[in-house]
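Q: let's see this in three dimensions:
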Amino acid sequence: IVFLVIGALIYHPLSQKAKKPFLLLLSIWFYAIGGVKFLPLLALTVAFNFFAAQKLERTERKRGLLTLVLVLNLGALGLFKYLGFFGELLGCTGVQLSLPQLALPIGISFYTFVICGYMIDVYRGREAERNFLDFALFTTFFAKSYLGPVVRYDRFVPQFSQLRSSATLISRGAVQFVIGLAKKVIIADGALILYQELASLPVEEYTFFSAWMLVFAAAMAIFFTISAYGDMARGLCSIFSLEVPRVIYYPYQAKSVVECVSRINMPLYDLVVEIVSGSAERIRQLRRYRHADTRELIAVLAGVVVVGIWFDPVPQVLLWAGFLFLMVLAERYLYFWLFRYIPGLLQSAVTFGLFLFSLAPLVLPQFSNTGDLISVLLGFSAQRMISDETSYYLASNYLVILLSLLFFTSLADRLTGFLSKKFP
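A: Sure thing, here's the model as predicted:
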């Protein structure tokens, strides 16, 4: 908060010409707070990709150079963030490797994917950036470095020429930041506490209701954590005269499984689908996927896997993604003679139920108990529907549950919009 206040107080009195350099210095200061030792890595990454993009624009061997650049950037991300994940994955196959635990550079996930999206844009014909200041600020701007969003060049850099101090933008950004902070502290953290309390129970003590409450609490913690950080990021950007897209948009009211997953981190999902499918035009259609060919279905699977690993890099994510992809295939082939006759509200309810069920491999501390949890969720081994202990958790966390039910769909947004129009 102190960092934000000091930055805003210095930024707004500056001239238009001085605002960009100051934002870059502020971003460097932010990364230095996260670890000065990682600044050389950040500088090398920015400089390398700045010149690589210009080379990519000129060369005739675009595909080869793009592949090399993507491999280097994603390889660095994998080394720092996902080395443990790959070690655990190998451990599941019986191969035991002692891999070092590397400290994680702050923001590496987001500036890596931002750079990958930019490189794809250059590969597809956009002009490479010649202004190093603009490119450095585009890749490192601090307000979007923790939970996104992964912004594309054409939606972000043109705003640099229109940086202005506006009381409207500042107040709107401050309100959005406070809303995001409230979501995190009140709902996301509350749902996380409820989830941790339920996850600590022995699996044989789960009732049908407490098992479903466990996956519901996990789903709410996921949604409100991402939504809260997304709101705070958008609020910070607005305070500094910039706009970024939503990270998440009410995935649990989606009418299909793939639409649900694609809404969890929309910019990241779109980028992965675009990389794999080779098509920027089909991304929105692939949110509903019902006419997708084989390559585009593979792109959907890749999008689901990356979104899952991005949020929780554990091997069980692959089971989660595999189950959801099976549901994607089922929906695709059953849509024309079954799903299209189901009312939209029921489609959303079924999709939400399938997503909750898919979380079973991820929610227990001991993966070996997953089969028992699934059996309880399906009602096969649940001896009771509800217990006194379940009633206690409901009563002691009623406020978090009510707030989650109120705000996990767009109903509250629509009500707010209606009231603002009715009583301006």
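
Q: just give me the neighbour total for residue 115.
A: For residue 115, the number of neighbouring residues by other C-beta atoms under 10 Å comes to 27. All C-beta atoms are positioned from the backbone trio N, CA, C, and that covers glycine.

Q: same question, the one 5 residues further on
A: Residues contacting residue 120 under the criterion other C-beta under 10 Å number 21.

Q: list the contacts of the residue nearest the centre of the chain.
A: Among the residues of the chain, the one closest to the centroid is residue 265, at 3.6 Å (C-alpha atoms, centre = their mean). Contacts were defined as C-beta atoms under 8 Å, 6 or more residues apart in numbering; by that measure residue 265 touches 148, 149, 150, 226, 247, 248, 307, 310, 311.

Q: need the pLDDT of it.
A: Predicted confidence (pLDDT) for residue 265: 85.

Q: circling back to that earlier point, in helices only, show me the contacts of residue 265.
A: Within these, residues falling in helices by DSSP state H are 226, 307, 310, 311.

Q: touching, the last one and residue 222? I think so.
A: Yes - using C-beta atoms under 8 Å, residue 311 is in contact with residue 222, at 6.8 Å.

Q: still on that earlier bit, closest one of the contacts of residue 265 to residue 55?
A: Nearest to residue 55 among the contacts of residue 265, counting by C-beta to C-beta, is residue 150 at 23.2 Å.

Q: and the closest one, how far from residue 176?
A: Taken as C-beta to C-beta, to the nearest Å, the spacing of residue 150 relative to residue 176 amounts to 19 Å.

Q: who has more neighbours, those two?
A: Set side by side, residue 150 and residue 176 give different neighbour counts by other C-beta under 10 Å, the larger being at residue 150 (26 against 20).

Q: quick one, phi/psi of residue 401?
A: In terms of degrees, to the nearest 10, the main-chain angles of residue 401 are phi -60, psi -40.

Q: excluding its backbone neighbours, what's nearest residue 317?
A: With C-beta to C-beta, 6 or more residues apart in numbering as the criterion, residue 317 has its nearest non-adjacent residue at 4.1 Å, and that residue is residue 308.

Q: quick one: that neighbour and residue 315 touch, right?
A: No - shown here, residue 308 and residue 315 do not form a contact pair, counting by C-beta under 8 Å, at 10.8 Å.

Q: between those two, which one's more packed in?
A: When neighbours are counted by other C-beta under 10 Å, residue 308 comes out ahead of the other of residue 308 and residue 315, with 23 against 18.

Q: now do the contacts for the more buried one.
A: With contacts taken as C-beta under 8 Å, 6+ apart, residue 308 has the following neighbours: 317, 318, 320, 321.

Q: closest one to residue 73 out of those, please.
A: Top of the list for closeness to residue 73, among the contacts of residue 308 and by C-beta to C-beta, is residue 317 at 21.4 Å.

Q: mind telling me what element the closest one is part of?
A: In the assignment (DSSP states H and E), residue 317 maps to helix 316-334.
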